[in-house]
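>>> Here is a sequence together with a model predicted from it:
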Amino acid sequence: MSDPLPRLHAVTNNAVLALPDFNERLMAIARAGDVAVHVRGSLPGRHLLERAECVRQAGVMLVVNDRIDIARAVRADAIHLPERGLPQEVARSLVPEDCRIGRSVHATETARHALTGGVDYVFLGPVWETSSHPTVAPIGLEPLGHLRDEHVICIGGVRPDRAAKCMAAGAFGVAAISALWDADDPYTAARDMLISLEHERDSRDGER
């Protein structure tokens, strides 16, 4: 729990988990630097378990979304809860003490409630339009100003050229699906995002 939370989160979905070259893309993203990889999907438990074990072997922070049984089986570093998922106090009672807890939220007040209620970080979004939630209106960057210095991770339409904008607006970090997993070169995509995040972090720290 004392280890810093990564600023870049690579999130999967069913299509990503089914990629024939999933392991190659995973290792490319892992080589880029300090990254958390989220195993998220509605595939059968055996498949999710296999993918979670691959992430564990890649040596990055392993986050399992919603499936506490899978998280416990692989001793995940974190469990990530949907906005309408289990209450965090229930999740806390079911996972080891050193397992972080995150939650997806879609509004400032929900984010603040989750953070004061004991989660270690929140995903806030979608910030921009995204194919993963085509019917959900983007919230933009403005809400981040109300949550500055909190562990808020932007998600939704995040690309390498937008990562620094999220940090400048007050985010702790960013999360992405297609911008990382669908990239021609996942390593370069992840590295470019990390460089943007680190540069903006240094600029922000220098202003304090």
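All right, it came through fine. Numbers count the residues shown, from 1 in each chain.
>>> Please identify the buried residues of stretch 128-145?
W128, T130, I139, L141, P143, L144 (16 or more other C-beta atoms under 10 Å). C-beta coordinates here come from the backbone N, C-alpha and C atoms, glycine included.
>>> So which of those residues sit within strands?
With DSSP state E as the criterion, strands contain none of those.
>>> Show me what counts as buried in the helix ranked longest in the chain.
Longest helix in the chain by number of residues (criterion: DSSP state H): helix 186-206. For helix 186-206, the neighbour count (16+ other C-beta under 10 Å) marks P186, Y187, A189, A190, R191, D192, M193, L194, S196, L197, E198, E200 as buried.
>>> Which residue, neighbours along the chain excluded, lies closest to A176?
The shortest distance from A176 to any residue other than its chain neighbours is 4.6 Å, reached at V158 (C-beta to C-beta, 6 or more residues apart in numbering).
>>> now the one you found, what's its secondary structure?
coil (DSSP: H, G, I helix; E, B strand; the rest coil).
>>> L180 too?
Under three-state DSSP, L180 falls in the helix class.
>>> Now do it against L141, distance only.
20 Å (C-beta to C-beta, to the nearest Å).
>>> now the strands for this structure?
In the chain, strands defined by DSSP E lie at 8-11, 35-39, 61-65, 78-81, 100-105, 121-124, 152-154, 173-176, listed in chain order.
>>> buried ones in stretch 86-105?
Buried residues in stretch 86-105 (16+ other C-beta under 10 Å): L86, Q88, A91, R92, V95, C99, R100, I101, G102, R103, S104, V105.
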